[in-house]
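Chemist: I need the structure of the sequence given here:
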Amino acid sequence: PEQLAQPEWSPDGESIVYVRYPAGGGGDEWNASNIGDIVVMPFNGGAFGAATTIVAAQPGSEYHFYPSWTPDSKWIIFNTCKGSSCNTYDPRNTVLRIVRATAGSKPIELAQAGHQMSSGTNWPRVAPFVQNGKLIFFTFSARFPYGFVKTNQNPQIWMAGVDLDKAENKPDEDPSFAPFWLPSQNPNENNHLGTWTTDVV
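Modeler: Numbers count the residues shown, from 1 in each chain. Okay, here's the model as predicted:
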């Protein structure tokens, strides 16, 4: 059987995105080696349909993980780790990307959100709302420095915006914006994953 990891339901409840382990991949999802493919599986009438590979891993050069849906259920933000091998926990050699959730779509690198190469941009998680019909935000972990507050040694939570209208109509351009550090973090902590909620109880 296939080994799967990091599933997330689409906001419309009609699909699940997950990471499929390729040959040579293994380990627990938070600490796996050399995974994987970004895959979408539809859910209709109480049953799952055939899975579709959205972005395939390129063993020895590119591995993809941590997929997260945009609120319109049309796009997926994810990590790509570039190199001959990769571990999902806290890799340095990663880039942030967005891709339309259909087979054959070309990923767009979110270079402005990624800010600095080799900064460990990981664990993206998209906010569950859209601003002005096209602007979304997502959090992710990164080792960026923040002025005199923190160095670039430890990962913390950052946030960046993405213009979905630009992603759709100008796919050769970066639709992301520069990231900002989230306050209320102890600058000395290692923080990895933001979790969004629409209600605080």
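
Chemist: so residue 166, which of the three states?
Modeler: Look at residue 166: counting by DSSP: H, G, I helix; E, B strand; the rest coil, its state is helix.

Chemist: What count of nearby residues applies to it?
Modeler: 16 (other CB atoms under 10 Å). Using the backbone N, CA and C atoms, a C-beta is placed for each residue, glycine as well.

Chemist: Next: residue 189.
Modeler: 12.

Chemist: Let me know the pLDDT of it.
Modeler: On pLDDT, residue 189 comes in at 94.

Chemist: Point to the helix or strand of the chain where mean pLDDT is at its lowest.
Modeler: Every helix and strand of the chain was ranked by mean pLDDT, DSSP states H and E. The lowest is strand 47-48, at a mean of 93.

Chemist: Beta-bridge partners for the residue nearest the centre of the chain, please?
Modeler: For the chain, the residue nearest the mean C-alpha position is residue 78 (2.5 Å; CA atoms, centre = their mean). Under the criterion DSSP bridges, residue 78 forms beta bridges with residue 97.

Chemist: Return the set of buried residues in the next helix-or-strand element following the least confident helix or strand of the chain.
Modeler: Per DSSP states H and E, strand 47-48 leads on to strand 52-55 as the next helix or strand towards the C-terminus. By 16 or more other CB atoms under 10 Å, the buried positions in strand 52-55 come out as 54-55.

Chemist: list the helices and strands strand 52-55 packs on?
Modeler: strand 37-44, strand 75-82, strand 94-100 (3 or more CB pairs under 8 Å, 6 or more residues apart in numbering; DSSP states H and E).

Chemist: what about 7 Å?
Modeler: strand 37-44 (3 or more CB pairs under 7 Å, 6 or more residues apart in numbering; DSSP states H and E).

Chemist: ok, and what's touching the least confident helix or strand of the chain?
Modeler: Strand 47-48 is contacted from outside by 41-42, using CB atoms under 7 Å, 6 or more residues apart in numbering.

Chemist: tell me the contacts of residue 19?
Modeler: Residue 19 neighbours (CB under 7 Å, 6+ apart): 4-6, 35-38, 64-65, 67.

Chemist: what do you get for residue 50?
Modeler: Residue 50 touches nothing, counting by CB under 7 Å, 6+ apart.

Chemist: Low-confidence regions, the chain specifically.
Modeler: Counting by pLDDT under 70, the chain shows no low-confidence range.

Chemist: and with 80 instead?
Modeler: For the chain, the stretches flagged by pLDDT under 80 are 1, 197-201.

Chemist: Helices along that one, start to end?
Modeler: Ranges of helices in the chain, per DSSP state H, are 111-114, 164-169.

Chemist: closest one to residue 150 among the ones you listed?
Modeler: Closest of the helices of the chain to residue 150 is helix 111-114, at 17.9 Å (criterion: CB to CB).

Chemist: ok, residue 122 - how many residues close by?
Modeler: 23.

Chemist: is it true that it touches residue 141?
Modeler: Yes: between residue 122 and residue 141 there is a contact at 4.8 Å, judged by CB atoms under 7 Å.

Chemist: Which residues are in contact with each of these two?
Modeler: Joint contacts of residue 122 and residue 141 (CB under 7 Å, 6+ apart) are residue 192.
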